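K.L.:
Prediction below, plus the sequence it came from.
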Amino acid sequence: MTTTIKDTFTTGAQVSMEMIKEADELFVFHCPAGQGCKVSKYPLDSYHMPIALAHYQQCCELETQCSKEHGWVDLLTKA
């Protein structure tokens, strides 16, 4: 797997998008702090790429909102 994007938050949560080019698959990992990871799998094609990116963005927005609600400032690290 190759990590294409990864965000880490001060809450300990992580959101990443990874792809396996050989299998034509794209994965979005949403790992809230202390809750395990939720994995969404998409075909690696031009139709599903914007859907996967939108899902990734929603996960990041959710974690940012959680950080702000608890008084934490989010720390975004793009890999």
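P.N.:
That came through fine. Please read these numbers as outputs of a predicted model, since none were measured by experiment.
K.L.:
Ramachandran angles for the spatially most central residue of the chain?
P.N.:
Centroid-nearest residue in the chain, with Cα atoms, centre = their mean: residue 15, separated by 2.9 Å. Dihedral angles of residue 15 (phi, psi; degrees, to the nearest 10) stand at phi -130, psi 130.
K.L.:
try residue 32
P.N.:
Backbone torsions of residue 32, given as degrees, to the nearest 10, read phi -60, psi 150.
K.L.:
beta partners for the residue nearest to the centre of the chain?
P.N.:
Taking DSSP bridges as the rule, residue 15 bridges to residue 7, residue 30.
K.L.:
now residue 38
P.N.:
Bridge pairing for residue 38 - DSSP bridges - gives residue 30.
K.L.:
circling back: so the residue nearest to the centre of the chain makes contact with residue 32?
P.N.:
No: the pair residue 15 / residue 32 is not scored as a contact, 9.3 Å apart, by Cβ atoms under 8 Å. C-beta here means a position set from N, CA and C on the backbone, and glycine is covered the same way.
K.L.:
Give me the common contacts of these two.
P.N.:
Common contacts of residue 15 and residue 32, defined by Cβ atoms under 8 Å, 6 or more residues apart in numbering, comprise residue 63.
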